[in-house]
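Novice: only geometry, no sequence info:
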């Protein structure tokens, strides 16, 4: 199994103050990859695109500290997905930051399954969740 995705997001800061921001927008997530089982001559190509609504908020309880929440979700034509990201971040004086967070992702995609010489529709369910540590640069 080899599955990857690429994101393209556009969002607008609906409300922005020094200690709180809220943004909303749209995103597109392209999934691509393959599933192979050579011993039974099975190959499934995963190539799906999912449109997502993007909502996010960031709150700063103290200078240089941030709590960020990003939500992306969408459903269309039998496919659906959601991505939730919550993180606590500290930004150092040189605009480099360190974030500790949790992310939960799931998607149901439709793709093609090829068992020579036939071709079938395949529903693929993907899910991942867990904690992370992220080092970042905040561009001003």
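Specialist: In hand now; what should we look at? Predicted model, so just to flag it, every value in this text is computed and none were measured. Residues are numbered from 1 along each chain as shown.
Novice: Which positions within the helix or strand that contains residue 8 qualify as buried?
Specialist: Residue 8 belongs to strand 2-17 when assigned by DSSP states H and E. The neighbour-count check on strand 2-17 (16 or more other CB atoms under 10 Å) flags residue 5 as buried. All C-beta spots, glycine's among them, are computed from the backbone N, C-alpha and C.
Novice: what helices or strands is the helix or strand hosting residue 75 leaning on?
Specialist: Per DSSP H and E, residue 75 falls inside strand 65-76. Under the contact criterion of 3 or more CB pairs under 8 Å, 6 or more residues apart in numbering; DSSP states H and E, strand 65-76 touches strand 42-62, strand 79-91.
Novice: any idea of the mean pLDDT in it?
Specialist: The average pLDDT for strand 65-76 rounds to 95.
Novice: picking that back up, as a markdown table, the helices and strands packed on strand 65-76 with distance to residue 133 would be great.
Specialist: Below are the helices and strands packed on strand 65-76 laid out as a markdown table (distance: least, CB to CB, whole Å):
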| stretch | distance to residue 133 |
| --- | --- |
| strand 42-62 | 18 |
| strand 79-91 | 10 |
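Novice: Looking at the helix or strand harbouring residue 98 now, give me its mean pLDDT.
Specialist: Using DSSP H and E, residue 98 sits within strand 96-115. Strand 96-115 shows a mean pLDDT of 89.
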